[in-house]
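**Q** Provide a 3D model corresponding to the input given below.
(one chain, ligands or ions: 2)
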Amino acid sequence: MIKDSLIAVEEAKAILRQQEYMRKTVQLPLKEAGGRILATSLIAPVNIPAFDQSSMDGYAFAYDAWKTGDTLRVIGEVPAGRKDLLHVNNGEAMRVFTGAPLPDGTDTVIMQEHCSEENGILTLSPKNLKAGDNRRRIGTDIRHGDLALPANSFLNDAAVGFLAGLGFCTVPVYATPAVALVITGDELQQPGEPLDFGQVYEASSTMLQAALTRMGISQIKVFRSPDILEETIQVLQTALSSSDVVLLTGGVSVGNYDFVVKAAEHCGVQKLFHRVKQRPGKPLFAGRKDDQPVFGLPGNPSSVLTCFYQYVWPVLRKFSGHPDNLVTFTAPLSTPFEKTVPLTQFLKAVYKDGVVEILSAQESYRMSSFAVCNCLVELKEEVRNYNHQELVTIHLLPSYG
Ligand SMILES: Nc1nc2c(c(=O)[nH]1)N[C@H]1C(S)=C(S)[C@@H](COP(=O)(O)OP(=O)(O)OC[C@H]3O[C@@H](n4cnc5c(N)ncnc54)[C@H](O)[C@@H]3O)O[C@H]1N2
Ligand code: MOO
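**A** Residues are numbered from 1 along each chain as shown. Ligands and ions are numbered 1, 2, ... in the order given. The predicted model follows:
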């Protein structure tokens, strides 16, 4: 019998949070950088706006030189994109369009709806017009040399637009890690092949590739190993030498054919923890070799994915510069729930209209409930009974967060 050395979920998560890893950076074309984290601060290389410009279609003139009742002589027009700076004298106006450079000698634009032009003479009927109205001044959004975005900014769609507006073509972002999957199990058959008695279709590599791809991770290698220690060691060595992060599936429990922990030890992976007080995913293994996180995900596909979301996802996000976990909050239960084990339970559930419903089919060999859930409910190790409408912690799955 082995010593029962299970650790609590929070302890396991705290150990992982303490781990620091060297993060690589990469210069990406700006159009591919959405959703990434900026690796260094960016300084504005130009003013935005780059010149005083009109924010309306109308007429530009010098406000202080004009009195109510005066007409102005229209001397020409400036569309957006005109490259020469024209001059306007007092008593004159220039037809201008949105985004056009304001001519020298003007400071105000009257909207065309509030004036009329006939034979080059402009009659103004301003509505609360003040000096400087409808003018966008140079550098009022950001000045040349100012901080455009600090390091570690999340590049949302607007940030990409902001940087494009400043003229950036490429940006430095944290690289997403290269991930190696090591799929263990003699019983596994590839989908598309006939299934013999005793075999199961290998589901976890496809599932993890989908999850990793959704995270923007594109360097994914899949290795396979039979349940033989020497081969597991060999495959793990290859996986370690060709990736930043290694995820093994299966073979992490205590059976005679579970070699993942031994193989990890043999390959110099330092154990962070093995076995967590949770269901599913109790036999979870986490370790690191130098700067490489290594996870042994318990083989049942539902355990694989639960452990991936709870433990691997935050580590991968941290690698890519993201500080966050899954979106987590509390919601009332739609029905009472009785726990059967003194473990933290992660249960497939649907959160809708402010209420969370725990689904049936929770056993870790069953994927049918996982396939239709949008969150995992986390029930506490020490609590046995949950009442109707009792608040429980829910973790929204990444696609819903
Ligand atoms: N005596 C004990 N037995 C088990 C314990 C325990 O504490 N004591 N824990 C159980 C729990 S909980 C889990 S979870 C499993 C995890 O074991 P392994 O990581 O060694 O996983 P396997 O035995 O290799 O596989 C478990 C199950 O999942 C199927 N599987 C594995 N890989 C895939 C895949 N890529 N695609 C589809 N299905 C897969 C496999 O056929 C098994 O049915 O251990 C329990 N046992
Ligand atoms: O926890 Mo295991 O992951 O029940 O099947």
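**Q** Report how many residues lie close to the residue of the stretch 151-300 of the chain found nearest ligand 2.
**A** Ligand 2 sits closest to Pro280 of the stretch 151-300 of the chain, with a gap of 3.2 Å, by C-beta to the nearest ligand atom. C-beta here means a position set from N, CA and C on the backbone, and glycine is covered the same way. Pro280 is flanked by 26 other residues according to other C-beta atoms under 10 Å.
**Q** okay, now Val245: neighbour count?
**A** 25.
**Q** where does the closest residue to ligand 2 within the stretch 1-150 of the chain fall, phi/psi-wise?
**A** Closest to ligand 2 within the stretch 1-150 of the chain is Leu6: 11.4 Å, counting by C-beta to the nearest ligand atom. Per-residue torsions, Leu6: phi -70, psi 140 (degrees, to the nearest 10).
**Q** That one touches Val276, doesn't it?
**A** Yes. Proximity of Leu6 to Val276 meets the contact threshold set by C-beta atoms under 8 Å, at 6.2 Å.
**Q** if I look at those two, which residues touch both of them?
**A** Lys282 (C-beta atoms under 8 Å, 6 or more residues apart in numbering).
**Q** Looking only at neighbour counts, state which of those two leads.
**A** Val276 (26 against 17).
**Q** Pairing partners for the more buried one in the sheet, please.
**A** Going by DSSP bridges, Val276 is paired in beta bridges with Ile7.
**Q** tell me the contacts of it?
**A** Leu6, Ile7, Ala8, Val9, Ala12, Lys282, Leu284, Thr344.
**Q** For the last one, grab the count of nearby residues.
**A** Okay, so that is Thr344. Thr344, neighbours per other C-beta under 10 Å, totals 23.
**Q** Look up the residues forming beta bridges with it.
**A** Gln278.
**Q** Which residues does the closest residue to Gln199 other than its chain neighbours form beta bridges with?
**A** In space, Gln199 comes closest to Gln189 once its chain neighbours are excluded; the distance is 4.3 Å by C-beta to C-beta, 6 or more residues apart in numbering. Beta bridges link Gln189 to Tyr201, judged by DSSP bridges.
**Q** Count the residues that sit near Gln189.
**A** 15.
**Q** got it, and Gln310?
**A** 24.
**Q** my read: it touches Thr393, true?
**A** No. With contact defined as C-beta under 8 Å, Gln310 does not count as touching Thr393 (11.7 Å).
**Q** Highest neighbour count among the contacts of Val276?
**A** Leu284 (27 neighbours).
**Q** wait, doesn't that one sit right on Pro298?
**A** Yes. Leu284 is within contact range of Pro298, at 5.9 Å (criterion: C-beta under 8 Å).
**Q** Between these two, which contacts overlap?
**A** With C-beta under 8 Å, 6+ apart, Leu284 and Pro298 have common neighbours Val252, Cys307.
**Q** quick one: secondary structure of Ala263?
**A** Of the three states, Ala263 takes helix under DSSP: H, G, I helix; E, B strand; the rest coil.
**Q** tell me the contacts of Gly251?
**A** Thr184, Gly185, Asp227, Thr232, Tyr257, Asp258, Phe259, Val260, Gly296, Gly299.
**Q** ok, of these, which one's closest to Thr170?
**A** Gly296 (37.9 Å; C-beta to C-beta).
**Q** Pull up the pairing partners for the helix or strand in which the closest one is found, direction included.
**A** Using DSSP states H and E, the element containing Gly296 is strand 292-297. Sheet pairing of strand 292-297 (DSSP bridges) gives strand 245-249 (parallel), strand 285-289 (antiparallel).
**Q** Including mean pLDDT and distance to ligand 1, could the ones you listed go into JSON lines?
**A** Listed next are those as JSON lines, based on pLDDT from 0 to 100; distance: least, C-beta to the nearest ligand atom, whole Å:
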{"stretch": "strand 245-249", "mean pLDDT": "98", "distance to ligand 1": "5"}
{"stretch": "strand 285-289", "mean pLDDT": "97", "distance to ligand 1": "9"}
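**Q** most packed of those strands?
**A** strand 245-249 (a mean of 27; mean count of other C-beta atoms under 10 Å).
**Q** Now find how far off-centre it is within its chain.
**A** 21 Å (C-alpha atoms, centre = their mean, to the nearest Å).
**Q** which other residues reach that strand?
**A** Here strand 245-249 makes contact (C-beta under 8 Å, 6+ apart) with 177-185, 204-205, 208, 236, 239-240, 260, 264, 285, 292-297, 299, 304, 308, 312, 315-316, 319.
**Q** Helices - which of the residues you listed land there?
**A** Among the contacts of strand 245-249, DSSP state H puts Ser204, Ser205, Leu208, Leu236, Ala239, Leu240, Val260, Ala264, Val304, Val315, Leu316, Phe319 in helices.
**Q** Next, count neighbours for the first one.
**A** The one in question is Ser204. So Ser204, with other C-beta under 10 Å, has 25 neighbours.
**Q** and it, what is it in contact with?
**A** Contacts of Ser204 by C-beta under 8 Å, 6+ apart are Leu181, Ile183, Thr249, Gly250, Leu297, Gly299, Pro301, Val304.
**Q** can those residues go into JSON lines with extra columns for distance to Gly105?
**A** Shown next, in JSON lines, are these (distance: C-beta to C-beta, whole Å):
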{"residue": "Leu181", "distance to Gly105": "68"}
{"residue": "Ile183", "distance to Gly105": "73"}
{"residue": "Thr249", "distance to Gly105": "73"}
{"residue": "Gly250", "distance to Gly105": "77"}
{"residue": "Leu297", "distance to Gly105": "71"}
{"residue": "Gly299", "distance to Gly105": "77"}
{"residue": "Pro301", "distance to Gly105": "73"}
{"residue": "Val304", "distance to Gly105": "71"}
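**Q** out of those residues, which are buried?
**A** Taking 16 or more other C-beta atoms under 10 Å as the criterion, what is buried in those is Leu181, Ile183, Thr249, Gly250, Leu297, Gly299, Pro301, Val304.
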